[in-house]
Every structure is written in structure tokens, then in C-alpha cells.
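Peer 1: Okay, here's the prediction I keep looking at, along with the sequence it came from:
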Amino acid sequence: MNEFDFIRQLREQTSRKTSPRIVSGIGDDAAVFRQSPDRDLVISTDLLIESIDFHREATPPQLLGHKALAVSISDIAAMGARPLWALISIGLPQSAWAGNFKDEFFSGYLALADRYRVSLAGGDISKSPQVVIDSIVAGEVKAGRAILRSTARPGDQVFVTGTLGGAAAGLKLIELGARIGETSDVRRQTSDDVRESNARLGADSVPGAEASGLTTDDDAIQSLLLRQLAPQPRVGWGIVLGDERLATSMIDLSDGLSSDLRHLCDESNVGAIIDATQLPLDEHVKHLCGRRALDPLALALHGGEDFELLFTVNPDCVSDLPKRVDGVTISRIGEITDQPGIVQIREQNHSWDLPAKGFQHFSD
Ligand code: ADP
Ligand code: MG
């Protein structure tokens, strides 16, 4: 049994006992509660465990603090809601307690909280063999306006904010030894990796991977590390889509496009077809990895943690969408179909089933 099956089971076990004031419970990015006749309260929690969800030696505490808040803010944005309040519980080993870890962690956390005017309202601190973080964020939306995963309709157009694949490429670079703020051997290793993969695939050398200068590669590496370590939640887009009722359904991309799109389709009882040529691949991923080595398309489809918003729009509303919000653009990447459970990808005249190969903690 994987974790998604278990969550489904939990949901069935609890469905008969839910309070009438729970507008939407288990199964969406955040739970929605009727707070007053005109306001709904939206709450999400996310767990970050050392060595599972992050590598402590590669993650400056300040960025970990930022990410802990960012991932939960992203779930609130995915409901079309405005983040307002937060709680943070943290378990720390003695060494992290005694050093600068906690101060740096909270400086990153509070800087992001300030940016979105989110107020820290409580939490808990405990000693732990490893760093463990539980991050809760609550927000508000007009009553009935939260954008659920379960309300996509056939014919809706599928959109995504920003670019894809950067965070997964950043994780691969960390695994290769790249570190934030350092020029390291990873540039050479990346080129070697690319050359080795090409040799295996019988492909030509990747244009740009070796011809480019050191600075450009180092900039690309640093930028990808930041996509992984310091995700930027799409708060502005979430609020616009919620306030103006522009999206019919929405989810944030935490597990990876192929898995998150499937969650949305399963919840909505629809299918989808994605156009591979329309996917907004991260420019640095294309530059560093090349099409055939660390395949940018695979990273965009199955790599997780981009924390972009994936949303669907009724065709009549597409022309009402703003071109950009807070400098972030959107791309139309496909369409919702009336074939439940069938998620496909198309490239020119070929289409094939898109397996959900994003992140999962436990497999069958
Ligand atoms: P997300 O990636 O958006 O944070 P998850 O995949 O973590 O969402 O969770 C999917 C859904 O399952 C959410 O609605 C979440 O609240 C619910 N869920 C996850 N774990 C549990 C749990 N232990 N008990 C109850 N609900 C859970
Ligand atoms: Mg989510």
C-alpha cells in the first residue's frame, strides 16, 4: 500500500463523522472550514524530516527556515486563499540547539513570513535525534471560493505557473556535491555526467554544456540550487485565481507534474492530455543538462518540489487570465478530457500514457 491509498482509506473512515463546517477535508492541498457566512478558513500542515525531505549538510539553516514556511504557504496558495497565520513545531538535536542553527532557521522563516505578512502565532520545540519540522499555515478566502482539486471539467484548459524541472535538477546537483555559494567540482562532474550519459545513449555532445563559460554554468547551478532550497510560493497567482474565480480546480506541484496532475484528475473524475512541446522547461535545466542527458522533459514531468501552481480554466475564461502576476508568467500545457483515470502526453502526432512517477514516500 502506498501513502495515497492509505490516505484514501483514512478519508473513508472519517467521512461519515465530519463536521458540517468542514467544507473540504482530507484529499486537497489544505482543509477548508466555514468560519462565518462570508469567510472560509484554510489550513495546511507539512512535515520536513532530515535526510528524507532535506539533506542538512547541503541546506543552509536560513534556507531551511524559508522552505519550511514556503511549502505550507504554497498549499494555501493552491486553494486560491491568502496566507495569514502560521504555527511551527521543530525538533532539534543538541548540536543544532547549541549552535547558530535555530537563529538562522528562524531568520529565514521570519523573512518569508514578513514578505507575505504571515504572522507566526505559535508552535512547539523539542529535542530530537534529527531535525524534524512541522509547518502549519492558515489563510482565508471568501466563503465557497476555495479552489479545490475536485472540480475540473472536461474541456477545461490546463495551465501551470512559472517553469518546471528546476527544483529536481537542483536536487540532482546537490547529490553530485554542488553547494550553495560555492564554486565546486560539480561543474566538471556535470559535464562528465552529461558526456557519460550521451555515450551511453549514443547521442551527440550536448550543445552548450561544454562550450559555455565557467560563470554561466556556475550561475545556472546556483540558480537551480535555489529552486530546490528556496522555493517561491505563488501567492499572488493563488489570490488572483481565487478572488476572480478564474480557475475551476488547482493543486500545487510538490510531488511532480505527472503525480499531481493525476491527483487532480482522480479527485475530479476526469482525464487529461498534456502537450510536451508546451511545457515551460527551466532555462537553466536546458542549458546545463541538455535534452538527452539529465532529460529536462523527465525532470519537468516527474521531478518534484517546483511549487508552481497547476490549475484548470474554463475555455470561456482563458482570455480573462492576466499575462503575469508578480512577474510570474503562465503556460497552457494541455486540456482536461472526459476519460477518467487516463492521463496522456502528446508530442507532435504521438500520444502515450503518462505514468505518475513523481515523489512518493512508500511504494506498494
Ligand atoms: P500536499 O502534497 O498538498 O501537502 P499530501 O500529499 O501531503 O498533500 O496530502 C494529501 C491529502 O492527504 C491532504 O488533504 C492531507 O491533509 C491528507 N493527509 C496526509 N496525511 C494525512 C494524515 N496523516 N491524516 C489525515 N490526513 C492526511
Ligand atoms: Mg499541495
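Peer 2: Arrived safely, thanks for sending. Numbers count the residues shown, from 1 in each chain. Ligands and ions are numbered 1, 2, ... in the order given.
Peer 1: Can you give me the separation between the closest residue to ligand 1 within the stretch 101-250 of the chain and ligand 2?
Peer 2: Distance from ligand 1 to each residue of the stretch 101-250 of the chain (C-beta to the nearest ligand atom) is smallest for Arg149, at 8.8 Å. C-beta here means a position set from N, CA and C on the backbone, and glycine is covered the same way. Computed as C-beta to the ion, to the nearest Å, the Arg149 to ligand 2 distance reads 9 Å.
Peer 1: which ones are touching that residue?
Peer 2: Gly27, Asp28, Asp29, Ser249, Met250, Ile251, His263, Leu264, Glu267, Ser268 (C-beta atoms under 8 Å, 6 or more residues apart in numbering).
Peer 1: For ligand 1, see how far away the first one is.
Peer 2: Put plainly, it is Gly27. In this view, Gly27 and ligand 1 are 5 Å apart by C-beta to the nearest ligand atom, to the nearest Å.
Peer 1: quick revisit: which phi and psi does the residue of the stretch 101-250 of the chain closest to ligand 1 have?
Peer 2: phi -80, psi -20 (degrees, to the nearest 10).
Peer 1: any idea how far it lies from Gln344?
Peer 2: 19 Å (C-beta to C-beta, to the nearest Å).
Peer 1: Near ligand 2, which residues of the stretch 1-150 of the chain are found?
Peer 2: When proximity is defined by C-beta under 5 Å from the ion, the stretch 1-150 of the chain lies next to ligand 2 at Asp29, Asp75.
Peer 1: sorry, back to before: the residue of the stretch 101-250 of the chain closest to ligand 1: what's its closest spatial neighbour, skipping adjacent residues?
Peer 2: Glu267 (4.1 Å; C-beta to C-beta, 6 or more residues apart in numbering).
Peer 1: Could you say which helix or strand holds the one you found?
Peer 2: helix 257-268 (DSSP states H and E).
Peer 1: Show the subsequent helix or strand relative to that helix.
Peer 2: Heading C-terminal from helix 257-268 (DSSP H and E), you reach strand 271-275.
Peer 1: ok, Ser135 - contacts?
Peer 2: Here Ser135 is in contact with Thr45, Asp46, Leu47, Leu48, Ala68, Leu69, Val71, Ser72, Ala86, Leu87, Ile88 (C-beta under 8 Å, 6+ apart).
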